[in-house]
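> have a look at this prediction, sequence included:
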Amino acid sequence: MKLDTKSLVLMAVAIVINVVVGQIAVWIKLPLYVDAVGTVLVGILAGPFAGALTGLLTNLIWGLISDPVAAAFFPVSLAIGLLAGLLARAGWFKSIGMTIAAGVVIAIVSTIVAVPIIVYMFGGVTGAGTDFATAYLLAVGQELVQSVAIANLVQNLADKILTCLIAWVIVKRLPLRFTSGFAFYGHSKA
Amino acid sequence: MALIEVDHLTFAYDTRPVLEEVTLAVAPGEKLAILGGNGSGKSTLAQWIAGWLPRGTFAASAGGVNIEGRPWDELDDATRAGTVQFVGQVPMQQLSGFAFTVRDEIAFGPGNLQLPEAEIRARVDAAVAACNLSHLLERDPFSLSGGEQQRLSIAAALAMRPRALVLDEPTGNFDPESRDALLAQMAKLPAELAIVWCDVTLGVPLAVAQRFVLLDAGRIAYDGDAAGLLAHPRTAEIFGLPAVAEAALMLRAQGLWPEGAAISADAGQVAAVLRPMLAEAAR
Amino acid sequence: MAVAHPSGADHALLFVPGQSVMHRLNPLTKLTCVLWVAVAAFALPPQGTIPLALVAIATGIFAGAGKVFARRLILTLVPLSLALFVVHGILVDHAGDRTVILGLDLSHDGLAYMVRILGRIAALLSGSLLFVCTTHPARLLKALDAHRFPPGMAYVIASPLLLLEPFTQRARAIREAQMARGLNLEGSFLARAKAFPALLMPLVTLALADIDHRAQVLDGRGFRAMPHRTVLDAPRDSTAQRVARWVILISIPFLIAGGILWH
């Protein structure tokens, strides 16, 4: 599948948006990552293939600039972009209510993809905040896989709903002169 | 035959027409300036001349642009790139975003055309010399100053060996020194290269062009020499009388203004003095 | 491309300029090694992964990237060790013996599992750091170009790396401007959450605004007019390296088989 030049440029800018918006979330000490806004944007504007590729490359670039371990989570980012594109095609980004629902679906699926990576590769921990929740759930008697899944799902729900809402607000504010260049966006017009 | 021919072009991004019935021809090697206020449609016209339009959903409602008699969309990508190059207003936007060094940025275009390595090196060397970039070759293009980036984007355009170079307000964000440096460099460009310089000011284009087109609300209000441009009533209204007088002063500094003749704020008087002068200079 | 003083995009990278053997290897050879290490990290027990990590770290120090290695390894392995110690040493109900040390009821199997995971992550991290620290992305992309990798994909890797620094600067400028207007980044959670859109929207709008123009710049310079590109100064390759890459690739199935037998 050959993407047009405009989609390629959008993908490159979206990767920068992922990184920089994630950085802003750190500045304001938000307890969430919010590092997939660009990926969801590409999913909505250019479709599942471009979205998936944006997610994949975002993690590879994380690996080059800061943390090679982040690259290991590329399947999660890939799934987010793919899903955003598929849901956009099905019209889930037409209204704010549907966008929240899309955030829920993306959160659930990305948790399903992330848990095996966390459990089998990292032994159930990531060295981040969710480890406390995992440890707590283990202490009150949950199994490891369930503990990891619950801890990450809770965080993912907040994170992905916020991510989808931000992407939705951005897209709705884009001028027609911009969006008319992305035929795929027709699926998300109310 | 004209190199670029704009033929009764009418165009709108949405419903409001940006260009109306524009007809204009650029000859090989011609130095042309397209002038107009903000919103006059000159950036859009520049994009049509450079082949950036039509694209996607943006198409002419009437007329079009031909390159040596053939419409843009009949030409393949490589021919287009080798015919006209465009340099826009915002320096950083002109960078490919592919190259980590100035050298690779200039080599980017010729590399895309799969030219032999020796040919690419020759083109890079020539462009570097023309744009005075030899001390910056290993720098990251995005770390350069605006003026340096603009020189780089012109070098990258020249490396495509185009027959015409379209520049849209290239000195818009420049301090006077960077502007003069760019103008000095423009003077060194090959004579056979056609230049289309679009601007919102009068002074800089007077140093570059021999022919002037005044664009007013999407229509051509004037097409001719510098004296006629300064004399045109819309010129004073769009750019202001002080700018017209300043342009006349600039011509005097170049020795194109008679000693002792007063610089008048009245555009008509300015033109009356200028016209015979320029006619003589042309002879 | 040995840049003595990193500028622009180089700020953002883990890359450490240098002239070591690792720096001079063809990026594709190094990439093949990373693949081998990644497989080995999963296939081998701690007796294999820990020495592997140590070799990679020693090579990294030799290549002049000791600081980056130390920083990254500490940042990753220290919190991971703590979390693994608590989760597997104490909490998870592993089978086998348990010992009480300093009042902590520790599982032997849990601790062994912790060492296993740490060895794996250490090998993965130091192996990929070795690649990242000694390979400038420009060299990698030239190597990929020279091996006829699609230029479109190369662009989507190169461009974010180049744009990151200017956009981070813009984000900082927007932050300063908003703080001058009374935005409080140290306030309550609600105040900070409200600050998010004020910082984010101008940046994203700005980033998206010139997409059309950038695409035109690429097309105007003949981007993808031909299926491949001519590369200047492509990283040197050699028969020895080509052979080495094949040997490494062929050894991977044996590595997996060996790992299974070792268990």
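Good, I have the coordinates. Quantities reported herein were computed from a predicted structural model and do not represent experimental measurements. Numbers count the residues shown, from 1 in each chain, chains lettered A, B, ... in the order given.

> contact residues of chain A facing chain B?
A:9, A:12, A:176-177, A:180-181 (Cβ under 8 Å from any Cβ of the partner chain). All C-beta spots, glycine's among them, are computed from the backbone N, C-alpha and C.

> recalculate using a threshold of 6 Å.
The interface of chain A toward chain B, taken as Cβ under 6 Å from any Cβ of the partner chain, is made up of A:177, A:180-181.

> just after the helix or strand bottoming out on mean pLDDT in chain C, pick out the following helix or strand.
Lowest mean confidence among the helices and strands of chain C (mean pLDDT, DSSP states H and E): strand C:98-101, at a mean of 84. Moving toward the C-terminus from strand C:98-101, the next helix or strand (DSSP states H and E) is strand C:104-107.

> using CSV, write down the CA coordinates of the least confident helix or strand of chain C.
This file holds the C-alpha atoms of strand C:98-101, laid out as CSV (Å, rounded to 0.1, in the frame of the first residue of the first chain):
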residue,chain,number,x,y,z
ARG,C,98,11.0,-19.6,51.2
THR,C,99,13.5,-18.0,53.6
VAL,C,100,12.9,-15.2,56.1
ILE,C,101,15.6,-12.5,55.9
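
> and that strand, what does it pack against?
Counting contacts by 3 or more Cβ pairs under 6 Å, 6 or more residues apart in numbering or on different chains; DSSP states H and E, strand C:98-101 packs against strand C:104-107.

> quick check: residue C:252 is in a helix.
Yes - per DSSP: H, G, I helix; E, B strand; the rest coil, residue C:252 lies within a helix segment.

> mind listing what it touches?
residue C:39 (Cβ atoms under 6 Å, 6 or more residues apart in numbering or on different chains).

> count of neighbours near the spatially closest residue to residue B:179 that is not a sequence neighbour?
Leaving aside its chain neighbours, residue B:179 sits nearest to residue B:171 (4.4 Å; criterion: Cβ to Cβ, 6 or more residues apart in numbering or on different chains). Residue B:171: 25 surrounding residues under other Cβ atoms under 10 Å in any protein chain shown.

> picking that back up, now, among the residues of chain A next to chain B, which is nearest to residue A:42?
Nearest to residue A:42 among these: residue A:181, at 13.5 Å, using Cβ to Cβ.

> which other helices and strands contact the host helix or strand of residue B:8?
Using DSSP H and E, residue B:8 maps to strand B:4-12. Strand B:4-12 sits against strand B:17-26, strand B:60-67, with contacts defined as 3+ Cβ pairs under 6 Å, 6+ apart.

> paired strands for whichever helix or strand comes after the first one, with orientation please.
Following strand B:17-26 in sequence order, the next helix or strand is strand B:31-35 (DSSP H and E). Sheet pairing here is set by DSSP bridges, and for strand B:31-35 it gives strand B:194-199 (parallel), strand B:211-216 (parallel).

> can you tell me the SS state at residue C:255?
With three-state DSSP as the criterion, residue C:255 reads helix.

> okay, and the nearest residue to residue B:162 once chain neighbours are set aside sits in which element?
Excluding its sequence neighbours, the residue lying closest to residue B:162 (Cβ to Cβ, 6+ apart) is residue B:85, at 4.1 Å. In the assignment (DSSP H and E), residue B:85 maps to strand B:84-87.

> each with direction, which strands does that strand pair with?
Here, using DSSP bridges, strand B:84-87 pairs with strand B:164-168 (parallel).

> tell me what the host helix or strand of residue A:164 is packed against?
Assessed by DSSP H and E, residue A:164 sits inside helix A:144-173. If contacts are counted by 3+ Cβ pairs under 6 Å, 6+ apart, helix A:144-173 sits against helix A:37-46, helix A:96-116, helix A:130-139.

> so what touches whatever helix or strand comes next after the first one?
Following the chain from helix A:37-46 toward its C-terminal end, the next helix or strand by DSSP H and E is helix A:48-65. Here helix A:48-65 makes contact (Cβ under 6 Å, 6+ apart) with A:1, A:3, A:7, A:11, A:14-15, A:18, A:39, A:42-43, A:70-71, A:73-74, A:77-78, A:80-82, A:84-86, C:12-13, C:132, C:156, C:160.

> next one: stretch C:205-217
A:5-6, A:9-10, A:13, A:17, B:52, B:93-94.

> where does pLDDT dip in chain A?
A:1 (pLDDT under 70).

> ditto for chain B
For chain B (pLDDT under 70), the answer is B:255-283.

> ok so, going back, looking at the helices and strands packed on helix A:144-173, spot the one closest to residue B:128.
Comparing the helices and strands packed on helix A:144-173 by Cβ to Cβ, helix A:37-46 comes nearest, at 35.3 Å.

> how distant is that closest one from the center of its chain?
Centroid separation for helix A:37-46 versus its chain: 9 Å, with Cα atoms, centre = their mean, to the nearest Å.

> who in chain A is up against chain C?
So chain A meets chain C at A:5-6, A:8-13, A:15-17, A:20-21, A:24, A:28, A:57, A:61, A:64-65, A:68-69, A:123-125, A:127, A:131, A:135, A:138-139, A:144, A:170 (Cβ under 6 Å from any Cβ).

> just the buried ones from these?
A:5-6, A:8-13, A:15-17, A:20-21, A:24, A:28, A:57, A:61, A:64-65, A:68-69, A:123-125, A:127, A:131, A:135, A:138, A:144, A:170 (16 or more other Cβ atoms under 10 Å in any protein chain shown).

> in helices, which of those fall?
A:5-6, A:8-13, A:15-17, A:20-21, A:24, A:57, A:61, A:64-65, A:131, A:135, A:138, A:144, A:170 (DSSP state H).

> low pLDDT regions in chain C?
C:1-12, C:263.

> what does the stretch 51-200 of chain B put close to chain A?
B:56-57.

> rerun at 8 Å
B:56-57, B:97.

> need those in a markdown table (columns: secondary structure, neighbour count and distance to residue B:217).
Below are these laid out as a markdown table (DSSP: H, G, I helix; E, B strand; the rest coil; neighbours: other Cβ atoms under 10 Å in any protein chain shown; distance: Cβ to Cβ, whole Å):
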| residue | secondary structure | neighbour count | distance to residue B:217 |
| --- | --- | --- | --- |
| B:56 | coil | 13 | 25 |
| B:57 | coil | 11 | 24 |
| B:97 | coil | 25 | 35 |
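
> please list which of the residues you listed are also close to chain C.
Answer for those near chain C (Cβ under 8 Å from any Cβ): residue B:97.

> related to what we said a few turns ago, and the helices and strands packed on strand B:4-12: which comes nearest chain C?
Chain C sits nearest to strand B:60-67 of all these, at 14.0 Å, using Cβ to the nearest Cβ.

> list the contacts of that closest one.
B:3-12, B:17, B:21-23, B:48-49, B:51, B:54, B:71-72, B:75, B:83-84 (Cβ atoms under 8 Å, 6 or more residues apart in numbering or on different chains).

> mind checking how far the residue of the stretch 101-250 of chain B at minimum distance from chain C is from residue B:106?
Nearest residue of the stretch 101-250 of chain B to chain C, counting by Cβ to the nearest Cβ: residue B:140, 2.8 Å away. Remark: distance between residue B:140 and residue B:106 (Cβ to Cβ, to the nearest Å) = 14 Å.
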